[in-house]
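Trainee: my questions concern the predicted model and sequence given below.
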Amino acid sequence: MGTRPPEYAPEVIAARLALAAVGPGDADAVVDVSQVIADSSIGSATDYLLEEMALADSLEIVGVLPWQCASLLMEISAKQLDAHRETVQASNVRYFTPARDCIAVYRNSEVLGPLVQRWIAGITGLRNWLLPRRSGGRHSDNVLYEFPDLYLDCLAHVVKAGHSKVISFTRLPSAGAIDDQREVNESPLIITQLPQYQADQARAHLEVLAATAKPLVSREVICQAGTSLENRAEGDEFVPVMSTLNRYDHDRPPRSVIPVSVIVMLAPTAQGQSVLLNRRTKWNSREDFDTLSLVSERLLEEDFAEALAPPLSSNGPKAIDELWLRIGRPSPFVVPEDAFRHAAQRELFMSCGLDIAASRFELRGTCLLDREDTDEYIGFYVYTLALQRSSGPDEVGHAMAWNADLELVPVSELYSHPYLPQLNRLLRRRDGWLRRNVLVESTLDSEET
């Protein structure tokens, strides 16, 4: 499971696109504007250092945790849990990373860009690793901290049985180039244990950093139930009127409506039009394990571009008022669609390793569903994305290499055996609307491109 190296580094893909020479006769050519982060493999010679992190009594991580390290930590922890052995507890982990407003200025206009990719991957990777072992179904508080410096490498301070060590992770610059066989050298990740005198110096600095860093509190968007629960036509069911910002994975107010971006990823194949689905597991989801779902993600505070610089107040009502002012005092305070597109971009990178331009998402409609046996609702903004395919860069091939839990299912077979019994809530409860208005129309659109 976990991350696998893509066929091409982002710099190489960008160079190929720039040099693709869309000539005067190619005005209608489709240009692929996606970018992907180049990951490197982790050698067996240093795997034991990741194992020590996973089995630590306490762990402090500073900088940006490489995504492939988080993937390996998940694998190690999964084996430990299967064998009924202990792993590091979330309450004993602290992650110090550059502040959101330091990172926000490096976001590209259309796509996330490599720096934002790595930062998001570090936080999400850490959450996914610790999530299955949290107690009481909630994250431990005070795991994430931010500091005002753009430090992109990574240090890990590991304590086990009273002994400690410091591990350094350094990603070397990419120096790859395409040869005649279209191969590219990966950007290497160097993992080393610091010698004692450097480890002592690093530990002393970590103590100063821990005393000055501020908690990095992720907050999810919660919408009002009133206007969203009106009797509306299928596909036009959800009006995302802002209610509050709720701390990530904490208890929500009664009758909360959770806004979610959904991406229907469609791709032409030799068997006809297909849809790329995600197999939900305890490492990538919070519920509905072992079902097939469309890729989806909740809206977070950072999905509002206006929320990042300067950061919103830590006080919830004051933060809502600040955000309302920054986006032009709308009445009613409806969540801008750009926030849904940003959430879709963020999740597509984490699930598929693809950095997709927001303009490529086509909004097909909205759905509102109750969460069974709860007083919560989920409001979906449903987008389609026509995945680009060629004998060179292939977004389907890259996504499936990145995430072993993805499955490519022919649209014509989606609602038949063996897939039908495995489909999750939205695919089952809005099957008619999806088949009439999303899958069919999107099929025609993607074939035309």
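Mentor: Here it is on my side, so go on. Residues are numbered from 1 along each chain as shown.

Trainee: which strands and helices sit next to the lengthiest strand in the chain?
Mentor: Ranked by residue count, the top strand of the chain under DSSP state E comes out as strand 257-269. If you count contacts as 3 or more Cβ pairs under 8 Å, 6 or more residues apart in numbering; DSSP states H and E, strand 257-269 packs onto strand 219-223, strand 272-279, strand 295-298, helix 337-352, strand 377-386, helix 395-402, strand 406-410, helix 440-448. All C-beta atoms are positioned from the backbone trio N, CA, C, and that covers glycine.

Trainee: partner strands of the shortest one, parallel or antiparallel?
Mentor: Each strand that strand 295-298 pairs with, and the sense of that pairing, follows from DSSP bridges: strand 257-269 (antiparallel).

Trainee: flag every buried residue along the partner strand.
Mentor: Val257, Ile258, Pro259, Val260, Ser261, Val262, Ile263, Val264, Met265, Leu266, Ala267, Pro268 (16 or more other Cβ atoms under 10 Å).

Trainee: between these, which is nearest Leu426?
Mentor: Val262 (6.6 Å; Cβ to Cβ).

Trainee: now the helices for this structure?
Mentor: For the chain, applying DSSP state H gives helices covering 10-18, 47-54, 67-82, 100-104, 114-130, 196-212, 316-326, 337-352, 395-402, 425-429, 431-433, 440-448.

Trainee: need those in TSV (columns: distance to Ser296).
Mentor: As requested, the helices of the chain are exported to TSV (distance: least, Cβ to Cβ, whole Å):
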stretch	distance to Ser296
helix 10-18	25
helix 47-54	28
helix 67-82	20
helix 100-104	23
helix 114-130	14
helix 196-212	35
helix 316-326	23
helix 337-352	7
helix 395-402	15
helix 425-429	8
helix 431-433	16
helix 440-448	16
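
Trainee: between the ones you listed, which one is closest to Asp370.
Mentor: Of all the helices of the chain, it is helix 425-429 that lies closest to Asp370, at 9.5 Å by Cβ to Cβ.

Trainee: centre of the chain to the closest one, how far?
Mentor: On the basis of Cα atoms, centre = their mean, to the nearest Å, helix 425-429 sits 22 Å off its chain's mean C-alpha point.

Trainee: which other helices and strands does it contact?
Mentor: By 3+ Cβ pairs under 8 Å, 6+ apart, helix 425-429 packs against strand 292-293, strand 362-370.

Trainee: for Val438, give me its contacts.
Mentor: Taking Cβ atoms under 8 Å, 6 or more residues apart in numbering, we find Val438 in contact with Val264, Arg364, Gly365, Val382, Thr384.

Trainee: shouldn't the fourth one be in contact with Glu362?
Mentor: No: the pair Val382 and Glu362 does not pass the contact test of Cβ atoms under 8 Å, sitting 9.7 Å apart.

Trainee: okay, those two: which has more neighbours?
Mentor: Remark: of Val382 and Glu362, Val382 carries more neighbours, 26 against 16, as counted by other Cβ atoms under 10 Å.

Trainee: who's the nearest residue to Leu49 once chain neighbours are set aside bridged to?
Mentor: Distances taken as Cβ to Cβ, 6 or more residues apart in numbering place Ile167 nearest to Leu49, at 5.1 Å, with adjacent residues excluded. For Ile167, the beta-bridge partners are Ala156, Gln193 (DSSP bridges).

Trainee: walk me through the domains of this protein.
Mentor: 30-215, 219-448 (automatic domain parsing).

Trainee: adding mean pLDDT, write those out as JSON lines.
Mentor: As requested, the domains of the chain are arranged in JSON lines below (pLDDT from 0 to 100):
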{"stretch": "domain 30-215", "mean pLDDT": "79"}
{"stretch": "domain 219-448", "mean pLDDT": "87"}
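
Trainee: buried residues, stretch 209-223. List them.
Mentor: Buried residues in stretch 209-223, counted by 16+ other Cβ under 10 Å: Leu209, Ala213, Leu216, Val217, Ser218, Arg219, Glu220, Val221, Ile222, Cys223.

Trainee: quick check: end-to-end length of stretch 376-395?
Mentor: One end of stretch 376-395 to the other measures 35 Å (Cα to Cα, to the nearest Å).

Trainee: how close does the residue lying closest to Pro330 once chain neighbours are set aside get to Pro317?
Mentor: Nearest non-adjacent residue to Pro330, counting by Cβ to Cβ, 6+ apart: Trp324, 7.3 Å away. From Trp324 over to Pro317 the distance is 11 Å, taken as Cβ to Cβ, to the nearest Å.

Trainee: tell me which of the helices of the chain sits nearest to Thr374.
Mentor: Distance to Thr374, taken as Cβ to Cβ, is lowest for helix 425-429 among those, at 12.0 Å.

Trainee: list the buried ones in the closest one?
Mentor: For helix 425-429, by 16+ other Cβ under 10 Å, it's Arg425, Leu426, Leu427.

Trainee: report the contact partners of the second one.
Mentor: To tie it back to what came earlier, the one meant is Leu426. Leu426 makes contact with Val262, Ser293, Leu294, Ser296, Cys367, Leu369, Phe380, Leu434, according to Cβ under 8 Å, 6+ apart.

Trainee: same deal with Val295?
Mentor: Counting by Cβ under 8 Å, 6+ apart, Val295 touches Val262, Ile263, Met265, Leu276, Asn278, Glu347, Leu348, Ser351, Cys352.

Trainee: so the closest residue in space to the third one that isn't next to it in sequence bridges to which residues?
Mentor: For Met265, the nearest residue in space outside its immediate sequence neighbours is Leu276; the separation is 4.0 Å by Cβ to Cβ, 6+ apart. Beta bridges link Leu276 to Met265, Leu408, judged by DSSP bridges.

Trainee: try Ser296
Mentor: Here Ser296, judged by DSSP bridges, has bridge partners Val262.

Trainee: list the contacts for it?
Mentor: So Ser296 contacts Val260, Ser261, Val262, Ile263, Glu347, Phe380, Leu426 (Cβ under 8 Å, 6+ apart).
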